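K.L.:
Quick one, structure for this:
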Amino acid sequence: MHLRAALAWLQEGDLERSQFQLELVDPSLLGPFERASFNIVTAQLLLGRSELLEAREFALSTPAQANARSEPELNWTLVRSDILAAADHFSEAAQGYFYCSQPNWTNQALCRDQLWLSLTRASQSSLETLRSTGEPDLRGWIDLARVAYLNLGDFTTQAQALAQWRQNYAAHSASRNLPGSLAQLDQMAASAPARIAVLLPLSGALAPAGNAVLEGILSAFYASASRAETPPHLTIYDTEALPLELLTEILRSEGFDGVIGPLERDRVDQLVNNSRLGIPVVALNQLSRPAENAIGIGLAVESEARQIADRAALDGHHTAIIMAPNSAWGGRSANTFATTWQALDQSVAAVLRYAGSADQASLLESALHLDQSNQRRSALQGLLGKQLNFTPRRRSDVDMVFLAASPDQARQITPLMAFFFAEDLPVYATSTIYSGSQNTDLDRDLDDVAFLNYPWVLQPTNPRVTSLPAATASLSQDLKSLQALGVDAYYLMRRFPQVLGYPDAVYHGQTGTLQLQSDGNVDRHMPWATFRAGRVASLDN
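P.N.:
Residues are numbered from 1 along each chain as shown. Okay, here's the model as predicted:
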């Protein structure tokens, strides 16, 4: 009775009364049918109170039933998998979706779709772990997801992998109804842009950035050309040498069927909004607004700030100090994190916009309320007329720090936190804190800081690209990330019909896991890393 009442109040949106009724239920007395309903109500209450960490931990600690026999049990399997997928536990979610995708359930089609999405989003290592414990039909799905992993590469390699999968799993249920764009792979290859113009600033102030992007494009191009696939024809134009109006006329008159570039935001807007162009464009910056036949991919810090907010909330943090440079870039990162964080019902304790090391110290001391603690000590010493043994106490409500900083700035901030009795506060940082090359002596100060980084930087050896010159190893993180942008832009251009035709698809690129958004821009989900003894180590499974 109490369980039914809890469910009824939950459906009415009264979380307090639902929780009261649920607390009157003894879970140990419930059978499988009622226990599944109890789990659903518990999880929904946690989500309703924005207790994301608790919901994730409850889902992880409450296994799904592989052989569920009732609708509530199957519903709990679906709810649990939804929670885990939202928390980026894709392999665990996929296992649950697999259980409820069997033919004996009304939601089979939904679970099958979610199974595929989760598998294509899971990391390669987590897929390996799941494959070693999964049953044969699930292993078939996992091996098919490996084929989908090749969707940001050349068509020949993916087509060969798909043919091998069909041979190995001729009787698999997916072989009769391939998911996503795999069923259209031959048509996609035939419709891939074959004459591509590359528009980049190869002279002037932006030449280093333009040339780094071009190195990435050519690296991907030569990797494709080295296999059986017939590569496209590339023509490269310097946007600093030719007016964009003239370039637009050249693009139309020369019969190009794809454009990569430009790099600058104003030129992107000018090109993609030109109604006379009529050619698919992969712009190397964010689109200001959706444009027909165009997508934007860039390295905007806003994407990182949003991902950090989501991760910190899932990790159970609630009150943040924001630290960012007093610059336009710092302002965008701080504002985006704050907006996303507050939309998740979390709190911002302070926003610290620093200009230099002196700013960092004074702003951090004030934000942690250590200046107030020291003032109380001085007042008490004046009252008593003697020196006191005294350890200042920082404020206790703050439980994390969002940090946007360069490597040098970050190396100054983390020792300051220890000096101000805040070494226990978790720090979540943007990719900019890493220089791009190993420096163990300097980076020891960044130990245990969680930060986002590019797969291209973390795992530079990749079969989808050729080796770049040895000098690449000494490039800055900024230039390496631009190389990665070039690689991803090349393959997205080749996959242009697929990207537009299958917006749910994800692409495991060199700048992150990529997915097209409704605004026409490609969102990046980057892997997590940290420093251990001054060395970069992955935090993702």
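K.L.:
Run the chain-centre distance for stretch 223-233.
P.N.:
Centroid separation between stretch 223-233 and its chain, computed with Cα atoms, centre = their mean, to the nearest Å, is 29 Å.
K.L.:
Ends of it, what's the gap?
P.N.:
One end of stretch 223-233 to the other measures 14 Å (Cα to Cα, to the nearest Å).
K.L.:
go on, stretch 428-437?
P.N.:
Distance across stretch 428-437, first residue to last, is 20 Å (Cα to Cα).
K.L.:
So, low pLDDT: which residues of the stretch 1-150 of the chain?
P.N.:
Applying pLDDT under 70 to the stretch 1-150 of the chain flags the ranges 65-69.
K.L.:
again, but for the stretch 201-350 of the chain
P.N.:
Short version for the stretch 201-350 of the chain, where the test is pLDDT under 70: 228-229.
K.L.:
where in the stretch 351-500 of the chain is pLDDT low?
P.N.:
Residue ranges of the stretch 351-500 of the chain with pLDDT under 70: 357-358, 370-394, 459-475.
K.L.:
Could you rerun that using 80?
P.N.:
Low-confidence segments of the stretch 351-500 of the chain, defined by pLDDT under 80: 356-362, 369-396, 419-421, 436-437, 457-477.
K.L.:
Can you give me the first-to-last residue distance of stretch 195-207?
P.N.:
Stretch 195-207 end-to-end distance (Cα to Cα) = 24 Å.
K.L.:
Other residues contacting it?
P.N.:
Stretch 195-207 is touched from outside by 209-211, 213-214, 217, 232-241, 247, 250-251, 254-264, 267, 271, 284, 493, with contacts defined as Cβ atoms under 8 Å, 6 or more residues apart in numbering. (Each C-beta comes from the backbone N, C-alpha and C, glycine too.)
K.L.:
Of the residues you listed, just the buried ones, ChimeraX syntax please.
P.N.:
Provided next is the ChimeraX selection string for whichever of the contacts of stretch 195-207 are buried by 16 or more other Cβ atoms under 10 Å:
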select :209,210,211,213,214,217,232,234,236,237,238,239,247,251,256,257,258,259,260,261,262,263,264,267,271,284,493
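K.L.:
What about the contacts of stretch 195-207, which are in strands?
P.N.:
Counting by DSSP state E, those place H233, L234, T235, I236, Y237, D238, G258, V259, I260 in strands.
K.L.:
Mind picking the one among those that's closest to P426?
P.N.:
I260 (38.8 Å; Cβ to Cβ).
K.L.:
List the contacts of the closest one.
P.N.:
Going by Cβ under 8 Å, 6+ apart, the list of residues near I260 reads I196, A197, V198, L199, I217, V281, V282, L284, A489, Y490, M493.
K.L.:
Between which two of those is the distance greatest?
P.N.:
I217 and V281 (14.5 Å).
K.L.:
any chance you could map the strands in the stretch 51-200 of the chain?
P.N.:
195-200 (DSSP state E, counting those that start in this stretch).
K.L.:
what about the helices in it?
P.N.:
For the stretch 51-200 of the chain, the helices defined by DSSP state H, counting those that start in this stretch cover 52-61, 71-86, 90-99, 108-121, 124-133, 136-148, 155-168, 185-190.
K.L.:
I'd like these as TSV, with distance to F419 appended.
P.N.:
Below are those laid out as TSV (distance: least, Cβ to Cβ, whole Å):
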stretch	distance to F419
helix 52-61	29
helix 71-86	38
helix 90-99	40
helix 108-121	41
helix 124-133	38
helix 136-148	48
helix 155-168	52
helix 185-190	56
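K.L.:
Export those helices as TSV, with columns for distance to V301 and mean neighbour count.
P.N.:
TSV is the format used below for the helices of the stretch 51-200 of the chain (distance: least, Cβ to Cβ, whole Å; neighbours: other Cβ atoms under 10 Å):
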stretch	distance to V301	mean neighbour count
helix 52-61	24	18
helix 71-86	24	22
helix 90-99	25	26
helix 108-121	23	20
helix 124-133	27	15
helix 136-148	29	20
helix 155-168	32	16
helix 185-190	32	16
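K.L.:
closest to L368 out of these?
P.N.:
helix 52-61 (23.7 Å).
K.L.:
which among the contacts of I260 end up buried?
P.N.:
I196, A197, V198, L199, I217, V281, V282, L284, A489, Y490, M493.
K.L.:
Let me know the closest of those residues to W9.
P.N.:
Using Cβ to Cβ, these come closest to W9 at V282, 50.5 Å.
K.L.:
Could you look up the SS state of the closest one?
P.N.:
strand (DSSP: H, G, I helix; E, B strand; the rest coil).
K.L.:
which residues does it contact?
P.N.:
G258, V259, I260, G261, A294, I295, G296, I297, A489, L492, M493, F496.
K.L.:
would you turn those into CSV with distance to L364?
P.N.:
Shown next, in CSV, are the contacts of V282 (distance: Cβ to Cβ, whole Å):
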residue, distance to L364
G258, 49
V259, 46
I260, 43
G261, 41
A294, 43
I295, 40
G296, 36
I297, 35
A489, 39
L492, 41
M493, 45
F496, 47
